[in-house]
Structure formats: structure tokens, C-alpha cells
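Enquirer: Sequence first, then the predicted structure:
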Amino acid sequence: MSSVAFAGVSSISRIAISTGGGDAPGLNAVIRSVTLAARNRGWDVVGIRDGFNGLFLPEDYPRGGFVDLSRQAVRGISHLGGTILGSTNRGNPIAYPTQNDDGSWTEVDRSEELIARLAEEGIDALVTVGGDGSLKIANHLHERGLRVVGVPKTIDNDLDKTTATFGFDTAVDFASNCIDRLFTTATSHGRVMVVEVMGRDAGWIALHAGMAAGAHCILIPEIPYAIDVVAETVAERERNGSRFTVVVVAEGAVPVDGEISTIGKAVGQAVQLGGVGSKVAAGLTELTGKETRTVVLGHLLRGGSPTALDRLLGLRFGAAAIRALESGHDGVMVALDPPNVIHVPLAEATRKMKNVPLEGDTMLTARDLRINFGDRMPDVLP
């Protein structure tokens with residue numbers, strides 16, 4: 001089913017909003033914007049607790065799985081991190097984790113049940129805020145008849161068809177500040193510092209934060225790295241009198257002829273990435289003899305107050321989602337296409353991931369600065 005624009009009145013009186021997947025700074029700005037824009041049109045607004053768990057497990061919530069989003073409920077929340085509705089990355093309604101009588105777990109498709117529950121509550125449309133996984137779920141629900149608009153959320157910035165996602169700027173800003181601090185201790189002790197950042201299968205956070213902070217090596221999933229090439233950069237810097245080196249590693253970085261580093265997978269969750277920073281540090285210690293320390297920023301990148309840019313983007317996305325519903329659109333994702341926010345079909349937005357373009361200006365700038373990416377480049381400079 002493609003995106004459809006219904007003629008005439010939007011025929012909406014009550015909508016729901018859900019926030020699913022990993023949290024990201026700016027979620028509360030979206031919730032506030034959706035609520036106010038909808039109520040200014042005379043629509044009622046409710047929030048679903050913890051992704052879609054409020055629908056499936058209402059008994060787990062003392063006041064039920066829905067939250068009435070009044071003007072008062074969203075007052076003064078745009079600057080807050082996290083989401084007032086809660087979130088989960090284990091509540092996929094297409095593959096919902098269900099425990100069997102024997103204690104084992106299976107994944108069950110409960111999407112039809114979800115759609116029926118929303119109908120029982122008089123919900124005319126859903127605004128769902130999430131990343132690649134959540135928006136694929138949104139498209140699945142759309143294809144089964146639910147009226148839905150998606151809002152792109154991920155610190156990884158890996159959603160296609162939108163120039164940026166809210167949460168990314170905050171993550172990059174925090175990561176670059178952390179790397180700045182690590183420069184001082186690395187310089188003082190003459191150490192190699194390896195900083196592992198989030199990003200899953202895309203290197204946007206590592207690239208932007210690493211470049212902003214002046215890292216010497218940046219390892220991203222888009223370029224398989226050779227640890228001996230990174231070690232050569234460390235040795236070259238040592239010969240030129242620079243006793244320290246800062247290496248930024250994306251959690252999804254993969255060595256040449258190697259495998260992605262993982263730390264496990266829980267039922268209902270995607271594979272958890274992690275551990276590559278320690279592997280890189282161990283390899284550098286072995287090859288260079290230098291004292292090497294690892295810092296994993298991890299979930300620190302997802303927490304805290306959003307930057308002004310992410311607050312504004314969240315507000316713009318939320319209002320655009322309501323405008324899309326008002327004009328009769330269905331099965332779309334709002335997307336940043338500067339200077340405007342547009343909407344694109346969910347099927348197109350979730351078809352592929354947005355990787356770092358290796359011939360893009362940011363990468364070309366990094367190459368001009370002789371930042372090492374773990375591949376063999378001539379004239380590696382300190």
C-alpha cells in the first residue's frame with residue numbers, strides 16, 4: 001500500500017502517539033509538539049506507554065497503558081531527555097516476545113491485536129516516533145489498515161530520506177566534548193586512547209565527533225580497518241614527537257576479514273553491538289607496546305538534555321506529522337529536506353540504511369586532514 005492522501009476533511013478526532021526503540025534526546029519535544037498541534041485542531045491526544053506495551057500489558061500500569069496528553073501534561077518538557085511515555089526495544093508487535101508454558105520464548109505477530117485495541121479506544125490515527133526498526137513496524141501496521149505517520153528518531157542518523165534525525169546532534173556534541181577531555185589525559189600520560197561510540201552499522205557519530213574533536217584515527221563500519229595500519233599511525237606520531245594518539249571507533253566497525261563485535265542478543269531485541277574498542281586497544285598495545293586505554297561512551301550518548309538544534313527539529317517534526325494527518329496523508333514519514341520538513345512514504349524511508357558517503361564532503365575533508373580510517377593511505381601525517 002503506498003502513501004495515500006485522502007480528499008476532504010481529515011476525519012480525525014482522536015490520535016495516539018508512541019515512542020519506541022532506544023531513547024534519544026528530543027523525544028519529549030516531539031511529544032509536546034504533536035500534542036499542542038493536535039489539540040489546537042480540536043483533536044484528543046493520548047500516549048501509549050513503553051512503545052506498544054501499554055496496549056498489550058495494560059495491567060502492568062497502575063493507571064492503564066494510555067496517558068492523556070493534555071496541554072498541562074506536556075508543559076515544559078521540551079528540554080528534558082528521554083521520553084515521558086517510556087520506551088522499549090523488546091516490544092515489537094510483529095515479533096512480540098511471548099513465554100511458553102515450558103518456560104521457553106517465542107516471537108508472535110500481535111499486529112492485528114494492536115490495531116483492534118486502538119480501534120476499541122477510538123483512535124483514528126497513530127503517530128509513531130522511532131528509528132529504522134520502529135518505522136518498519138509502522139509501515140507494517142499501515143499495510144494492515146492502520147492510519148499512521150512516522151517521525152524519524154535515532155542518534156545514529158542512519159535513516160534514509162531525511163537529512164538528519166533528532167538526537168544525532170546531541171550525541172555528537174556530547175561525544176566530542178568527551179573526546180576533548182580525553183585529549184588532555186592522553187597528552188599528559190603519553191597514552192593511546194581508544195573511544196568507542198554508538199552508531200550501530202553507520203559511522204555518522206564516530207566521524208562527526210572524531211573530526212570535531214581532532215581525533216587522529218576514526219574507524220567506521222563503512223571502511224573495514226586493518227589494525228596494523230592504525231598501529232603505523234601511532235608509531236609515526238611517536239617518531240615525530242607526538243607521544244599520544246586518540247582513536248575513535250564506531251561500535252559497528254569491522255576489521256578486514258573479521259566479524260562485527262557483539263555482546264549478545266536477548267529475546268525480542270536486535271543483536272547488541274560492543275567490544276570493538278577493547279579489541280582495537282589490545283591490538284594496538286601488542287603492535288606498538290604503547291599503554292592503551294579504552295573508554296566506551298555507550299548509553300551516555302543517548303541521555304541528557306537535547307541541544308537546541310534537536311529540540312527545534314523535534315518540534316518541527318511533531319507539528320509536521322499533525323499537518324500530514326490533517327491533509328489526509330497515511331503511511332508516511334516526516335523528513336528534513338532543508339529548509340523544509342516534507343513527508344515521504346514509509347516503505348521508501350525504511351528500504352535501506354543511510355551510510356556515510358565515502359565520497360562526500362565530510363569524508364573528503366577528513367582525508368585532506370590525513371585522518372586515518374584504518375585503510376592504507378599515503379603520507380600519513382602526525
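Expert: Received, thanks. Source: prediction; values computed, not measured. Numbers count the residues shown, from 1 in each chain.
Enquirer: Now the helix ranked longest in the chain: buried residues?
Expert: The longest helix of the chain (DSSP state H) is helix 168-189. The neighbour-count check on helix 168-189 (16 or more other CB atoms under 10 Å) flags 168-176, 178-179, 182-183, 186 as buried. The C-beta positions use only the backbone N, C-alpha and C, and glycine is treated the same way.
Enquirer: and what of stretch 236-252?
Expert: Buried residues in stretch 236-252, counted by 16+ other CB under 10 Å: Glu236, Arg237, Glu238, Phe244, Thr245, Val246, Val247, Val248, Val249, Ala250, Glu251, Gly252.
Enquirer: from those residues, which ones fall inside helices?
Expert: Those of the buried residues of stretch 236-252 lying in helices (DSSP H): Glu236, Arg237, Glu238.
Enquirer: List just the nearest of those to Gly76.
Expert: Proximity of these to Gly76 (CB to CB) peaks at Arg237, which lies at 48.3 Å.
Enquirer: would TSV of the buried residues of stretch 236-252 with pLDDT and distance to Pro338 be doable?
Expert: Output for the buried residues of stretch 236-252, formatted as TSV (pLDDT from 0 to 100; distance: CB to CB, whole Å):
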residue	pLDDT	distance to Pro338
Glu236	93	39
Arg237	93	38
Glu238	90	43
Phe244	93	38
Thr245	95	36
Val246	97	32
Val247	97	32
Val248	98	27
Val249	97	30
Ala250	96	25
Glu251	93	29
Gly252	93	27
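Enquirer: Narrow those residues to those in strands?
Expert: Thr245, Val246, Val247, Val248, Val249, Ala250 (DSSP state E).
Enquirer: Same list (those residues) but as a markdown table, adding distance to Glu232.
Expert: Shown next, in a markdown table, are those (distance: CB to CB, whole Å):
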| residue | distance to Glu232 |
| --- | --- |
| Thr245 | 11 |
| Val246 | 16 |
| Val247 | 13 |
| Val248 | 17 |
| Val249 | 17 |
| Ala250 | 20 |
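Enquirer: which one of those is nearest Gly82?
Expert: For these, the nearest to Gly82 is Ala250 (23.6 Å; CB to CB).
Enquirer: Any figure for the gap between the nearest residue to Leu309 once chain neighbours are set aside and Gly214?
Expert: Excluding the flanking residues, the one nearest Leu309 by CB to CB, 6 or more residues apart in numbering is Asp169, at 4.5 Å. Going from Asp169 to Gly214 by CB to CB, to the nearest Å gives 19 Å.
Enquirer: and what of Thr185?
Expert: Noted for Thr185: a distance of 15 Å to Gly214, by CB to CB.
Enquirer: same thing with Gly131?
Expert: Applying CB to CB to Gly131 and Gly214 gives a distance of 29 Å.
Enquirer: neighbour count winner among those two?
Expert: Neighbours were counted for Gly131 and for Gly214 using other CB atoms under 10 Å; Gly131 has more, 24 against 13.
Enquirer: For the spatially most central residue of the chain, which non-adjacent residue is closest in space?
Expert: The residue lying closest to the centre of the chain (CA atoms, centre = their mean) is Thr154, at 2.1 Å. Leaving aside its chain neighbours, Thr154 sits nearest to Gly131 (3.7 Å; criterion: CB to CB, 6+ apart).
Enquirer: Return the distance of the one you found relative to Thr162.
Expert: 11 Å.
Enquirer: so what sits against both of those two?
Expert: Residues touching both Gly131 and Thr162 (CB atoms under 8 Å, 6 or more residues apart in numbering): Pro152.
Enquirer: domain parsing for this protein?
Expert: The chain breaks down by automatic domain parsing into domains covering 4-166+306-349, 171-303+358-368.
Enquirer: How far off centre is the longest one?
Expert: Okay, so that is domain 4-166+306-349. Relative to its chain's centre, domain 4-166+306-349 lies at 15 Å (CA atoms, centre = their mean, to the nearest Å).
Enquirer: Average the pLDDT values over it and round to the nearest integer.
Expert: Averaging pLDDT along domain 4-166+306-349 yields 92.
Enquirer: Helices of the stretch 201-350 of the chain, start to end?
Expert: Ranges of helices within the stretch 201-350 of the chain are 204-213, 227-239, 276-288, 308-326, 346-349, based on DSSP state H, counting those that start in this stretch.
Enquirer: that older thread, show the backbone phi and psi for the residue nearest to the centre of the chain.
Expert: With angles defined as degrees, to the nearest 10, Thr154 sits at phi -170, psi 140.
Enquirer: Report the buried residues of stretch 80-90.
Expert: Within stretch 80-90, the residues scored as buried using 16+ other CB under 10 Å are Leu80, Gly81, Gly82, Thr83, Ile84, Leu85, Gly86, Ser87, Thr88, Asn89.
Enquirer: Now flag whichever of those is closest to Arg14.
Expert: Nearest member of those to Arg14, counting by CB to CB, is Leu85, at 16.4 Å.
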